[in-house]
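Enquirer: Need the 3D shape of this:
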Amino acid sequence: MSRVSVLHTWQLPEAVLAAARKLLDEAFDGDFGDEDWEHSLGGVHALVWDGDELIGHGSVVQRRLLHASRVAGVPHKTRALRVGYVEGVAVRADRRRQGVGGAVMAALEDVVRGAYPLGASEDALAFYAARGWQRWRGRTFALTPTGVERTEDEDDAIFVLPVVPLDLTGDLTCDWRDGDVW
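Expert: Next up is the predicted model:
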């Protein structure tokens, strides 16, 4: 039987961090760069173990997103939200479709529900939808060093787990970070 541990980055020994990075590199077929790894650090990690083997990983890190609700299609009220942003979810190839990813997400969703008004992530949309996450239906933006920029390619790629009532048709602006901003 697999066991799940939930620990903050600072609590993880270097060997566990190295195992998580290796798992992510393999799961993403080498398309998981240093910036992606950096995005996965500094928050809470859900780790699924089979004995001493790491077979699943995911993390939730705090980000700030600006949410602009809309009334009759017009931006109404903007507020900054503390968001639990899900990053680095991966399952070892030979253990996929066995509930490992679900165990990772259940642990991360507990963190989101306990600490944030909203969970958010991108990609793996069918996986998130099957878990009750909702597609963001509004426009997306990024707060960049040169100002707010539209991120139209992300408009249908963001999924959220609202913990408090939220207008999912409003505008959503992510904070700046190196690499992929969303």
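Enquirer: now the end-to-end length of stretch 137-154.
Expert: End-to-end distance of stretch 137-154 (Cα to Cα, to the nearest Å): 11 Å.
Enquirer: buried ones in it?
Expert: Neighbour-count burial for stretch 137-154 flags 138, 139, 140, 141, 142, 143, 151, 154 (criterion: 16 or more other Cβ atoms under 10 Å). Quick note: C-beta positions are derived from backbone N, CA and C, even for glycine.
Enquirer: Apart from its chain neighbours, what residue comes closest to the second one?
Expert: Read that as residue 139. residue 171 (5.0 Å; Cβ to Cβ, 6 or more residues apart in numbering).
Enquirer: and stretch 169-182, how far out from the chain's middle?
Expert: Centroid displacement of stretch 169-182 relative to its chain, using Cα atoms, centre = their mean, to the nearest Å, is 12 Å.
Enquirer: Among the buried residues of stretch 137-154, which pair sits farthest apart?
Expert: Maximum pairwise distance among the buried residues of stretch 137-154 (Cβ to Cβ): 15.7 Å, between 138 and 143.
Enquirer: report the longest helix in this structure, please.
Expert: Determined from DSSP state H, the single longest helix within the chain is helix 100-115.
Enquirer: Tell me the one of the buried residues of stretch 137-154 nearest residue 128?
Expert: Distances from residue 128 to these, taken as Cβ to Cβ, are shortest for residue 154 (14.2 Å).
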